[in-house]
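> Sequence unavailable; structure follows:
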């Protein structure tokens, strides 16, 4: 996935709850100066907020000024002497020596953690020109505010080099979510079109729709959720983050999906197999008294792993069946007929009848058509989500 795709998806996932994520997207995409200061202030904390504000205002008010070079010739030798700096500030502020906002300048310098010559020179060069701000100089000064704060360096990487975006997102979301870190592992191990597609805007919005609706309905998913056609495990990861869910099994016939899905749901996989991706044709599911073979992956390096096989029974029969890819199911009606009566079901289909929509041979033209086809005995929810290229339909109820 490209950096602009990563920050876009992160904003979809967390931007509403953490508006600071919108700043991360703008910084990573276009290096918006105001958002660099927003993020710097957040990462450096309350104790450095006024110092960051002083630097921000100095940068915004910058203009060529001959006398500024004279002033810095005096400042540089005494940068480590606060008493001398305060004395100089009093002298300068009582004169018209320069039109520079001297109070801001001295507030900045006296609160720096590092006042070596390179940092003072960076400040001088930043505020004495009307040219575009040099990002390397700006971050040199920001890092000098608190030299022990590692996050400004991470912000620099995200801004200039477009790296460490997911690490920074984890920090900005207060480390409450596992998706940002696990996405990073997935990208390193399984980069490719399928991974990008599984995190497409439409896929994420569709799965967030499932999560939000479950929460709004306050529906109990029970002890064991079966996600059919689970692909890379994005929906389970979202449900674990946002909903009350005990255990999830994700089934897909594609043999390349279980390792990525386990990676994305690593914490639940190692927590007594609360999550496990299973390579299995969903047409053969029994939904109770189930037994199947699973593969466990143990990484020795980022992209090198060893596997072990295990035959295991499901911990309990399915209490809920979810399929957000009904349009991809060959012989859908036969699969649907195999789900036990009375089962809680969450089903999605769409009207994306396009040649680029691979293997989607069972789309529907409307919510009414989809609802009629399912014919659940009790309907809890029916709705349509308008996406960029198509409409997605969802039915929640008891079969």
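Structure's in. What do you need? Just so we're clear, the structure is a prediction, and the values are computed from it rather than from any experiment. Residues are numbered from 1 along each chain as shown.

> Helix or strand for residue 276, just tell me which one.
strand 275-279 (DSSP states H and E).

> Please name the nearest non-neighbouring residue to residue 341.
Among residues not flanking residue 341 along the chain, residue 399 sits closest, at 5.7 Å (C-beta to C-beta, 6 or more residues apart in numbering). Just so you know, the C-beta spots here come from the backbone N, C-alpha and C atoms, and that holds for glycine as well.

> for the one you found, what are its contacts?
Contact analysis of residue 399 by C-beta atoms under 8 Å, 6 or more residues apart in numbering lists 339, 340, 341, 342, 343, 345, 374, 376, 377.

> any idea where the strands of the stretch 151-300 of the chain begin and end?
Secondary structure of the stretch 151-300 of the chain, counting by DSSP state E, counting those that start in this stretch: strands at 224-228, 247-252, 275-279, 291-299.

> Tabulate those in TSV, adding columns for distance to residue 210.
Formatted as TSV, the strands of the stretch 151-300 of the chain follow (distance: least, C-beta to C-beta, whole Å):
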stretch	distance to residue 210
strand 224-228	10
strand 247-252	12
strand 275-279	16
strand 291-299	24
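
> looking at the ones you listed, which has the lowest confidence?
Lowest mean pLDDT within the strands of the stretch 151-300 of the chain: strand 291-299, a mean of 87.

> Just give me how far that strand sits from the chain centre.
How far strand 291-299 lies from its chain's middle: 27 Å, per C-alpha atoms, centre = their mean, to the nearest Å.

> And for it, what's in contact with it?
With C-beta under 8 Å, 6+ apart, strand 291-299 has contacts from 258-259, 262-263, 276-280, 305-314.

> repeat that with 10 Å
Residues from elsewhere that reach strand 291-299 (C-beta atoms under 10 Å, 6 or more residues apart in numbering): 185, 189, 249, 251, 255, 258-260, 262-263, 269-270, 273, 276-280, 284-286, 305-314.

> Parallel or antiparallel, which strands does the next helix or strand after it pair with?
With elements assigned by DSSP H and E, the helix or strand that comes after strand 291-299 is strand 305-313. Partners of strand 305-313 in the sheet, by DSSP bridges, are strand 291-299 (antiparallel).

> Can you name every helix or strand that the strand or helix carrying residue 8 contacts?
Per DSSP H and E, residue 8 falls inside helix 3-14. Judged by 3 or more C-beta pairs under 10 Å, 6 or more residues apart in numbering; DSSP states H and E, helix 3-14 is in contact with helix 20-30, helix 165-172, helix 179-190, helix 193-198, helix 201-217, helix 234-242.

> what about residue 81, neighbour count?
When neighbours are counted by other C-beta atoms under 10 Å, residue 81 registers 12.

> my bad, should have said residue 48
Counted with other C-beta under 10 Å, residue 48 comes out at 21.

> Please read off the pLDDT at it from the model.
For residue 48, the model assigns a pLDDT of 95.

> for residue 98, same thing?
Predicted confidence (pLDDT) for residue 98: 51.

> try the one 10 residues further on
According to the per-residue confidence, residue 108 scores 87 in pLDDT.

> same question, residue 72
Confidence at residue 72, expressed as pLDDT, is 72.

> That one and residue 117, how far apart?
11 Å (C-beta to C-beta, to the nearest Å).

> Equivalent analysis for residue 333, please.
Residue 333 is 76 Å from residue 117, by C-beta to C-beta.

> now swap in residue 16 and tell me
Residue 16 sits 45 Å away from residue 117, going by C-beta to C-beta.

> Likewise for residue 218?
62 Å.

> Who has more neighbours out of those two?
The neighbour comparison of residue 218 against residue 117 (other C-beta under 10 Å) goes to residue 117, with 10 against 7.

> Enumerate every residue touching that one.
Residues counted as contacts of residue 117 (C-beta under 10 Å, 6+ apart) are 76, 77, 79.

> Of the residues you listed, keep whichever come out buried.
Burial by neighbour count, 16 or more other C-beta atoms under 10 Å: within the contacts of residue 117 this picks out residue 79.

> any chance of the contacts of residue 117 in CSV, with secondary structure and distance to residue 176 too?
Shown next, in CSV, are the contacts of residue 117 (DSSP: H, G, I helix; E, B strand; the rest coil; distance: C-beta to C-beta, whole Å):
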residue, secondary structure, distance to residue 176
76, helix, 44
77, helix, 48
79, coil, 40
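
> of the contacts of residue 117, closest to residue 34?
Checking those against residue 34 by C-beta to C-beta gives residue 79 as the nearest, at 27.6 Å.

> residue contacts, the closest one?
72, 85, 109, 110, 112, 114, 115, 116, 117, 119, 120, 123.

> Not counting residues beside it along the chain, what's closest to residue 107?
Once flanking residues are discounted, residue 107 sits nearest to residue 54: 4.5 Å by C-beta to C-beta, 6+ apart.

> check contacts around that neighbour.
So residue 54 contacts 101, 103, 104, 105, 106, 107, 108, 109, 110, 111, 145 (C-beta under 10 Å, 6+ apart).

> now with 6 Å?
By C-beta atoms under 6 Å, 6 or more residues apart in numbering, the residues touching residue 54 are 104, 107, 108.

> Likewise for residue 211?
If you count contacts by C-beta under 6 Å, 6+ apart, residue 211 has them with 238, 239, 242, 243.

> rewinding a little: could the strands of the stretch 151-300 of the chain go into CSV alongside mean neighbour count and distance to residue 213?
Formatted as CSV, these follow (neighbours: other C-beta atoms under 10 Å; distance: least, C-beta to C-beta, whole Å):
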stretch, mean neighbour count, distance to residue 213
strand 224-228, 24, 15
strand 247-252, 25, 17
strand 275-279, 25, 21
strand 291-299, 14, 29
